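*Asks:* Generate a structure from the sequence data that follows.
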Amino acid sequence: MSRIESHRELLVWQKAMDLAVLIYELSGRFPSKENYRLVAQITKSASSVPANIAEGKGRATSRDFANFVAIAKGSLMETETYVTLSARLGYASQAEIQPVLDLITEISKMLTALRSRLVENKP
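*Replies:* Modelled structure (predicted):
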């Protein structure tokens, strides 16, 4: 197996980027009164997931990378909370958010597995 040189090669980063795009599309349909409230929060947390994966991959040690993966997971859970809140507020239907929630679950599992591997192999 070849060594991964760039965060862009990580499937979890690619899926996190997909999630960020979905969140931008979803939140673009929220009422304009939410632009500086929920929209700002949800887009920031969603974009933080791939950003933290990328920053962690760029760090010198596996321990640093593992820490950034943990931060990415926190941002992912924050995003999930905002997605759920958007449905409760009536800004999105359950049918609209379900694919987003499914992707969040998949990314969460991937981040957990990645962090476990990084912690086990800390050079």
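*Asks:* Where does the prediction get shaky in this protein?
*Replies:* Counting by pLDDT under 70, the low-confidence segments of the chain come to 1-2, 122-123.
*Asks:* Let's see that with 50 instead.
*Replies:* Low-confidence segments of the chain, defined by pLDDT under 50, are located at 1.
*Asks:* quick one: Leu10 from Thr81, how far?
*Replies:* In this structure, Leu10 and Thr81 are 24 Å apart, going by CB to CB, to the nearest Å. In this view, the C-beta of every residue, glycine as well, is placed from N, C-alpha and C.
*Asks:* Name the residue in those two with the higher neighbour count.
*Replies:* The residue with the greater number of neighbours, taking Leu10 and Thr81 and applying other CB atoms under 10 Å, is Leu10; the counts read 18 against 13.
*Asks:* if I look at the closest residue to Arg8 other than its chain neighbours, how far off is Leu89?
*Replies:* In space, and not counting its chain neighbours, Arg8 is closest to Gln14: 7.6 Å by CB to CB, 6 or more residues apart in numbering. According to CB to CB, Gln14 and Leu89 sit 30 Å apart.
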